[in-house]
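A.B. asks: 3D, please:
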Amino acid sequence: MIDLFNTSFLWVIFFIIITIGFSIDLGFFSKLKDSIRKNKGENQEITQNDSNAQQTKQAYKWTIAWISLALLFSGMIFLGLGTDKFLEYITAYTLEKSLSVDNMFVFSLIFSSLAIPLVYQHRVLSVGILSAILLRIPLLLVGATLLERFQFMIYIFGALLIYAALKILLRKEEKKIKIEKNLGVKLLGRLIPFSPELKKEQFFVKKNAIRHATPMLVALVVVEMSDLMFAIDSIPAVLAISSDPFILITSNVFALLGLRSLYFLLAGLMEKFYYFRHTLIILLFFIGAKMILSEFFHIRVEIALALIITILSVSVLLSYIRQHRINLEKNP
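C.D. replies: This next block holds a predicted model:
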């Protein structure tokens, strides 16, 4: 072991990495918009077609960058905290990243329901993910404390995961989200009037000296509410892997910070992940059963990690084979 890499030092490294990384990530998108404006003229609107290719390219780079940073940090955990903590971190990160893909499908429905162009979605997700991180940290700490103090909570969390799997199994696939029925939107409507006018990236617009909420703000509210519901499923799942606050927080934050770039990378490929819904059901059932049966049948972290990776790999492979067959039928 290297004494330098203790938990306190790793906390410092963690905050430095995410602060610098996220700042640069945001800066790249600002430069992207400035570049498009310069090429098209300052007074012309940035359109979705103008920025899609460049945005996808940046999303690819930042998806690789965030995954690389997460893996680099896992190496530091291995050096300082040992193999067990390293495996807990990798498993929790992989699980959180996998489960968060379901949230990306929801994000896509939210933006299409409100007709938010791809070029403006970045700001909603940037604010939404930062808010999600601030929400997750106390929830993770509370969950870990409950598990530590009340042993029976492991059965409740396991039951929640199995319930979540059943909910996805019985859920009908939707093309649009009924925005007006969202609790957050209902509360927002009581506080501020709504304007259907989309004014670039602005969350508010003034009409007759009265501030109105734009579709951007409505999208942000619905994204936040969906993430809150998603957290109810994902937090018990990672608690099945580890109860160490350091592992829980760092793995979750790295997974969430890479979510925005992954969303833009997969924005046009969502429908091709045909079997991912089935994958989520299997993962949630597996982790839920792992928690409920933990007193009678212990599954080691490395085995859980291998099973999660196998399930994801099979899902991607089957989706690829299905899409390949569809392409062959269209272009024999």
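A.B. asks: Quick check: buried residues in the helix or strand containing residue 287?
C.D. replies: Residue 287 is located in helix 276-292, with elements delineated by DSSP states H and E. By neighbour count with 16 or more other Cβ atoms under 10 Å, helix 276-292 contains the buried residues 276, 278-292. From N, CA and C alone the C-beta is placed, and that goes for glycine too.
A.B. asks: Please identify which pair of those residues lies farthest apart.
C.D. replies: Longest distance between any two of those is 24.4 Å, between 276 and 292; criterion Cβ to Cβ.
A.B. asks: In the protein, where is pLDDT below threshold?
C.D. replies: Counting by pLDDT under 70, the chain shows low-confidence ranges at 1-5, 26-55, 172-182, 267-271, 332.
A.B. asks: how about the helices in this structure?
C.D. replies: Secondary structure of the chain (DSSP state H): helices at 7-40, 48-81, 83-113, 118-149, 153-170, 183-191, 215-239, 245-257, 259-266, 276-292, 301-330.
A.B. asks: Make CSV out of the ones you listed and add distance to residue 208.
C.D. replies: Shown next, in CSV, are those (distance: least, Cβ to Cβ, whole Å):
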stretch, distance to residue 208
helix 7-40, 30
helix 48-81, 30
helix 83-113, 27
helix 118-149, 24
helix 153-170, 44
helix 183-191, 18
helix 215-239, 18
helix 245-257, 39
helix 259-266, 35
helix 276-292, 46
helix 301-330, 51
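A.B. asks: Would you mind saying which of the ones you listed lies nearest residue 197?
C.D. replies: helix 215-239 (8.2 Å).
A.B. asks: so which of the helices of the chain gets nearest residue 202?
C.D. replies: Per Cβ to Cβ, nearest to residue 202 of these: helix 215-239, 6.5 Å.
A.B. asks: burial of residue 135, as a residue count?
C.D. replies: By the criterion of other Cβ atoms under 10 Å, residue 135 has 14 neighbours.
A.B. asks: Now for it: which residues touch it?
C.D. replies: By Cβ atoms under 8 Å, 6 or more residues apart in numbering, the contact list for residue 135 reads 227-228, 231.
A.B. asks: where's it relative to residue 96, distance?
C.D. replies: Distance of residue 135 to residue 96, given as Cβ to Cβ, to the nearest Å: 14 Å.
A.B. asks: then the helix holding residue 287 to PDB, C-alphas only?
C.D. replies: C-alpha atoms of helix 276-292 as PDB (Å, rounded to 0.1, in the frame of the first residue of the first chain):
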ATOM      1  CA  PHE A 276     -31.900  -2.400 -23.000                       C
ATOM      2  CA  ARG A 277     -35.300  -2.300 -21.300                       C
ATOM      3  CA  HIS A 278     -35.000  -6.100 -20.800                       C
ATOM      4  CA  THR A 279     -31.400  -5.500 -19.400                       C
ATOM      5  CA  LEU A 280     -32.700  -3.100 -16.800                       C
ATOM      6  CA  ILE A 281     -35.300  -5.500 -15.600                       C
ATOM      7  CA  ILE A 282     -32.700  -8.300 -15.200                       C
ATOM      8  CA  LEU A 283     -30.300  -6.000 -13.500                       C
ATOM      9  CA  LEU A 284     -32.800  -4.700 -11.000                       C
ATOM     10  CA  PHE A 285     -34.200  -8.200 -10.300                       C
ATOM     11  CA  PHE A 286     -30.600  -9.500  -9.800                       C
ATOM     12  CA  ILE A 287     -29.500  -6.700  -7.400                       C
ATOM     13  CA  GLY A 288     -32.900  -6.800  -5.500                       C
ATOM     14  CA  ALA A 289     -32.600 -10.600  -5.000                       C
ATOM     15  CA  LYS A 290     -28.900 -10.100  -4.000                       C
ATOM     16  CA  MET A 291     -30.000  -7.800  -1.200                       C
ATOM     17  CA  ILE A 292     -33.000  -9.900   0.000                       C
END
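A.B. asks: other SSEs contacting it?
C.D. replies: Contacts defined by 3 or more Cβ pairs under 8 Å, 6 or more residues apart in numbering; DSSP states H and E place helix 276-292 against helix 83-113, helix 153-170, helix 215-239, helix 301-330.
A.B. asks: Residue 25 is nearest to which of the ones you listed?
C.D. replies: Judging those by Cβ to Cβ, what sits closest to residue 25 is helix 83-113, at 16.6 Å.
A.B. asks: Give me the spatial nearest neighbour of residue 90, chain neighbours excluded.
C.D. replies: Take residue 90 and drop its neighbours on the chain: the residue closest to it by Cβ to Cβ, 6 or more residues apart in numbering is residue 74, 5.6 Å away.
A.B. asks: can you count the residues close to that neighbour?
C.D. replies: Residue 74 is flanked by 19 other residues according to other Cβ under 10 Å.
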